[in-house]
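Trainee: fold the following, please.
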Amino acid sequence: MNKFQRNVLKTLSHTPIAFILFGIVSFLITACILLNTQRKNWQEEKRYFDNIIQIYESFNNGNGLVESDHSYKNGESLFSRVIILSFRSNDVVKECIHRLSSFDITLSEKSIARVCQSKLPTVGELNKEDQLTSVLPLLSSTDDLVGIRIRFATLSGPPVFRSVFSSLSSLVALLSISLFGAFLGTMLALLIKKYLIELPAIARYDDLTGCLRRDAFYHAANKVMRNATQQRQPLCVLLIDLDHFKKINDTLGHAAGDETLKDVADVTRNYFRRGDILGRLGGDEFAVILPNTTLDNAYRVSERIRLAIHEMTYDKLSKRHLSVSIGLVEYAAGEETLEQVINRADIKLYAAKKSRNRVEK
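Mentor: Numbering: from 1, shown residues only. Take a look at the predicted model:
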């Protein structure tokens, strides 16, 4: 793939650009198809119009009438057949009656006489095929009957679903619009898919710290604990609580408190493995599940976290150090629930809070 092709694909990967581009292309294709259809209809009607002009011009020029038989389509449902008859005999009335009577038309004898003798136009009745017949006498400059113009106008039945596919232009227009609709549907499907993929993550994680929410943490922790029980692996639980966090909120405001929570979560996350579970239980309290970790190893990790947070300083805190208290326990596999092990860790946390900035196991 060359650079140009790569740039084109990169451009089309942006949904708004693709939407606008495909919309314009589809619009132009459909417009051209409709224009072509209108031009074909215009050409058909122009041929009909030119034929009428030709008939009357030949008559006005004294060249006599030229007999003709033409069929036309007016619009989508109206069909016309126009017949020009020229009379050459001496008895034009008799010839007129004879030739009119030879056609299968819904004209009474009175109507035929009206045309041939009185030289007046007439219209027949609408027959069961939805066909209407009209007859127009053609007169010379001296008002002599020289011919007649017969027009059969037939109205076709109402459109049905199958008629949509009756012409190439309709098929191409339908295909273009369908492809554009399919493209929009695909784009919508991709957006929905992306939304559905991101929705669980949005619901699971805390907006401020990026840690698991309480319910999501409990769900993940229970799953890891079951695995630890089945595989007989050690597992430890940490409860982390910021020291004097209420004082930070009261003196510096909730914005500073939120910033502190976010930074503590970021520092804490740096010391955990991919399979470890970090959650925010509420307020300034965090919980951590360390699967396949002994109590001694978990204690060393906890100490590194405590020291890293203690080394953090903020100008807003007048260069004072932050500190956390940590309660640490090892899960008794198969002997207690998550709530019970959390309660034991909470007891250790309470003991650590008495002196602050320490890990209690």
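
Trainee: gap between Arg274 and Asp266?
Mentor: Separation of Arg274 from Asp266 (C-beta to C-beta, to the nearest Å): 16 Å. From N, CA and C alone the C-beta is placed, and that goes for glycine too.

Trainee: those two: who's more crowded?
Mentor: Higher neighbour count among Arg274 and Asp266: Asp266, with 11 against 4, using other C-beta atoms under 10 Å.

Trainee: element containing that one, please.
Mentor: Here Asp266, judged by DSSP states H and E, is contained in helix 254-269.

Trainee: how distant is the helix or strand following that helix from the center of its chain?
Mentor: Using DSSP H and E, the helix or strand that follows helix 254-269 towards the C-terminus is strand 277-282. Offset of strand 277-282 from its chain centre (C-alpha atoms, centre = their mean, to the nearest Å): 38 Å.

Trainee: could you dump strand 277-282 to CSV, C-alpha only?
Mentor: What follows is strand 277-282, C-alpha atoms only, in CSV (Å, rounded to 0.1, in the frame of the first residue of the first chain):
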residue,chain,number,x,y,z
ILE,A,277,-7.2,-5.4,41.4
LEU,A,278,-7.5,-1.7,42.6
GLY,A,279,-10.8,-0.3,43.6
ARG,A,280,-12.1,2.8,45.3
LEU,A,281,-14.6,1.8,48.0
GLY,A,282,-15.7,5.4,48.7
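
Trainee: about what we covered before: what's the helix holding Asp266 in contact with?
Mentor: Contacts of helix 254-269 with the rest of the structure, by C-beta atoms under 8 Å, 6 or more residues apart in numbering, involve 208-211, 240, 242, 245, 248-249, 278, 280, 284, 286, 288, 305, 308-309, 312, 314, 316, 322, 324.

Trainee: gap between Pro77 and Phe152?
Mentor: Small correction: residue 77 is Ser, not Pro. From Ser77 to Phe152 the distance is 15 Å (C-beta to C-beta).

Trainee: please say which of these two ends up with more neighbours.
Mentor: Phe152 (19 against 14).

Trainee: wait, the more buried one touches Gln131, no?
Mentor: Yes. Taking contacts as C-beta atoms under 8 Å, Phe152 lies within contact range of Gln131: 5.9 Å.

Trainee: chain center to whichever strand or helix holds Asp241, what's the gap?
Mentor: Asp241 is part of strand 235-242, with elements assigned from DSSP H and E. Mean-position distance between strand 235-242 and its chain equals 47 Å (C-alpha atoms, centre = their mean).

Trainee: that strand to strand 277-282, inter-axis angle?
Mentor: Using axes from the mean of the first three to the mean of the last three C-alpha atoms, to 10 degrees, the inter-axis angle of strand 235-242 relative to strand 277-282 is 40 degrees.

Trainee: quick revisit: can you point out the buried residues in the helix holding Asp266?
Mentor: Neighbour counts over helix 254-269 (16 or more other C-beta atoms under 10 Å) mark 257, 259-261, 264-265, 267-269 as buried.

Trainee: dump these into CSV; add distance to Leu139 and pLDDT as well.
Mentor: CSV is the format used below for the buried residues of helix 254-269 (distance: C-beta to C-beta, whole Å; pLDDT from 0 to 100):
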residue, distance to Leu139, pLDDT
Gly257, 104, 86
Glu259, 101, 87
Thr260, 105, 87
Leu261, 102, 89
Val264, 106, 88
Ala265, 102, 91
Val267, 107, 88
Thr268, 107, 89
Arg269, 102, 88
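
Trainee: between the residues you listed, which sits nearest Ala332?
Mentor: Closest approach between these and Ala332, by C-beta to C-beta: Thr268, at 24.8 Å.
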